[in-house]
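*Asks:* build me a model:
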Amino acid sequence: MATLEIRDLHVSVEADNATKEILKGVDLTVRQGETHAIMGPNGSGKSTLAYSLAGHPKYTITSGTVTLDGENVLDMTVDERARAGLFLAMQYPVEIPGVSVSNFLRTSATAIRGEAPKLRTWVKEVKETMTGLQMDPAFAERNVNEGFSGGEKKRHEILQLELLKPKIAILDETDSGLDVDALRVVSEGVNRVRETGEVGTLLITHYTRILRYIKPDFVHVFAHGRIAASGGAELADKLENEGYEVYTKGGASA
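*Replies:* A predicted model of the protein is given here:
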């Protein structure tokens with residue numbers, strides 16, 4: 001069973017000619033087949049956690065450990081982390097002019113699998129997955145995210161998730177900017193992956209609306225750079241009713 005273990009993780013970033021600590025000791029274990037929702041207000045460190053796990057150069061790990069199946073993730077390059085089984089769906093997917101979606105996906109699959117997928121079966125797999133996400137097959141020939149709407153970009157992120165089949169999927173505010181219909185379609189794609197039981201999911205969000213479609217096993221509240229509270233799905237309902245103020249007042253974590 002794949003396991004991502006985060007222990008006492010501290011992360012800093014350079015801003016305004018000063019070093020600012022964002023994560024202040026995060027402890028979290030995500031196992032294959034589990035879904036963890038990370039919730040919290042803006043500035044609490046949720047996205048910093050996501051991008052630090054993925055290896056973004058903007059963030060500096062000052063102490064702590066991250067392992068995947070016992071292997072030190074922090075010693076891996078970004079591409080090595082992806083091959084090891086980490087996947088990040090970005091909050092703001094970037095455009096890649098000159099690279100078609102079809103080439104991007106097949107190149108990514110080749111890098112992850114260690115060999116190029118057979119073209120006939122691959123084309124069928126991509127088309128079927130796009131159909132499930134209600135994506136026009138013509139998108140495969142467009143440049144990656146170029147001219148895509150917000151909803152189209154998020155569907156493309158989940159298309160990658162379904163095709164690449166990681167061990168641990170980190171979904172950074174996948175629900176942001178989606179209307180009700182797009183949210184449902186994207187959530188159904190995430191649930192298809194979850195139902196395999198082969199992926200651990202770390203779902204980062206501000207709001208509970210996506211949790212109406214994707215039911216978490218665990219909910220964690222982020223405040224002041226660390227996990228302030230953890231519980232089951234009922235914790236999300238509590239946050240919906242009471243907000244984050246009880247966790248953000250005074251800068252203390254419980």
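*Asks:* what about the helices in the stretch 151-254 of the chain?
*Replies:* Assignment of helices within the stretch 151-254 of the chain using DSSP state H, counting those that start in this stretch yields the ranges 180-194, 233-242, 245-248.
*Asks:* for the ones you listed, which one sits closest to His56?
*Replies:* Across these, His56 has its closest neighbour in helix 180-194 (22.2 Å, C-beta to C-beta). Backbone N, C-alpha and C define where each C-beta goes, glycine included.
*Asks:* pull the distance from the closest one to the chain's centre.
*Replies:* Its chain's C-alpha centre and that of helix 180-194 lie 14 Å apart, by C-alpha atoms, centre = their mean, to the nearest Å.
*Asks:* how about that helix as PDB, C-alpha atoms only?
*Replies:* What follows is helix 180-194, C-alpha atoms only, in PDB (Å, rounded to 0.1, in the frame of the first residue of the first chain):
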ATOM      1  CA  VAL A 180     -22.100  23.700 -10.900                       C
ATOM      2  CA  ASP A 181     -22.100  21.500 -14.000                       C
ATOM      3  CA  ALA A 182     -18.300  21.600 -14.400                       C
ATOM      4  CA  LEU A 183     -17.800  20.900 -10.700                       C
ATOM      5  CA  ARG A 184     -20.000  17.800 -11.000                       C
ATOM      6  CA  VAL A 185     -18.200  16.500 -14.100                       C
ATOM      7  CA  VAL A 186     -14.700  17.100 -12.600                       C
ATOM      8  CA  SER A 187     -15.800  15.500  -9.300                       C
ATOM      9  CA  GLU A 188     -17.000  12.400 -11.100                       C
ATOM     10  CA  GLY A 189     -13.600  12.100 -12.700                       C
ATOM     11  CA  VAL A 190     -11.900  12.300  -9.400                       C
ATOM     12  CA  ASN A 191     -14.300   9.700  -8.000                       C
ATOM     13  CA  ARG A 192     -13.600   7.300 -10.800                       C
ATOM     14  CA  VAL A 193      -9.900   7.400  -9.800                       C
ATOM     15  CA  ARG A 194     -10.800   7.000  -6.100                       C
END
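*Asks:* pull out the buried positions in that helix.
*Replies:* Buried residues in helix 180-194, defined by neighbour count with 16 or more other C-beta atoms under 10 Å: 182-183, 185-187, 189-190, 193-194.
*Asks:* same question for it, mean pLDDT?
*Replies:* The pLDDT scores in helix 180-194 average 95.
*Asks:* what comes into contact with it?
*Replies:* Contact with helix 180-194 is made by 35, 132-134, 151, 154-155, 158-159, 161-162, 165, 169, 171, 174-175, 178, 199, 201, 203, 209-210, 213-214, as judged by C-beta atoms under 8 Å, 6 or more residues apart in numbering.
*Asks:* and the closest residue to Glu162 other than its chain neighbours, what does it touch?
*Replies:* Leaving out its chain neighbours, the residue that sits closest to Glu162 by C-beta to C-beta, 6 or more residues apart in numbering is Thr129, at 4.9 Å. The neighbours of Thr129, taking C-beta under 8 Å, 6+ apart as the test, are 159, 162-163.
*Asks:* which element, helix or strand, includes Thr129?
*Replies:* helix 119-132 (DSSP states H and E).
*Asks:* low-confidence stretches in the chain?
*Replies:* Applying pLDDT under 70 to the chain flags residues 250-254.
*Asks:* 90 - rerun?
*Replies:* Low-confidence segments of the chain, defined by pLDDT under 90: 1, 15-18, 41-43, 91-92, 120, 176-177, 206-207, 240, 245-246, 248-254.
*Asks:* where along it do the strands fall?
*Replies:* With strands called from DSSP state E, the chain shows them at 3-15, 18-31, 35-39, 59-68, 71-72, 86-89, 96-100, 143-144, 168-172, 200-205, 218-223, 226-231.
*Asks:* export those strands as JSON lines, with columns for distance to Arg120 and mean neighbour count.
*Replies:* Formatted as JSON lines, those follow (distance: least, C-beta to C-beta, whole Å; neighbours: other C-beta atoms under 10 Å):
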{"stretch": "strand 3-15", "distance to Arg120": "34", "mean neighbour count": "17"}
{"stretch": "strand 18-31", "distance to Arg120": "35", "mean neighbour count": "16"}
{"stretch": "strand 35-39", "distance to Arg120": "34", "mean neighbour count": "24"}
{"stretch": "strand 59-68", "distance to Arg120": "33", "mean neighbour count": "17"}
{"stretch": "strand 71-72", "distance to Arg120": "34", "mean neighbour count": "12"}
{"stretch": "strand 86-89", "distance to Arg120": "25", "mean neighbour count": "23"}
{"stretch": "strand 96-100", "distance to Arg120": "19", "mean neighbour count": "12"}
{"stretch": "strand 143-144", "distance to Arg120": "23", "mean neighbour count": "18"}
{"stretch": "strand 168-172", "distance to Arg120": "27", "mean neighbour count": "25"}
{"stretch": "strand 200-205", "distance to Arg120": "31", "mean neighbour count": "25"}
{"stretch": "strand 218-223", "distance to Arg120": "41", "mean neighbour count": "24"}
{"stretch": "strand 226-231", "distance to Arg120": "46", "mean neighbour count": "18"}
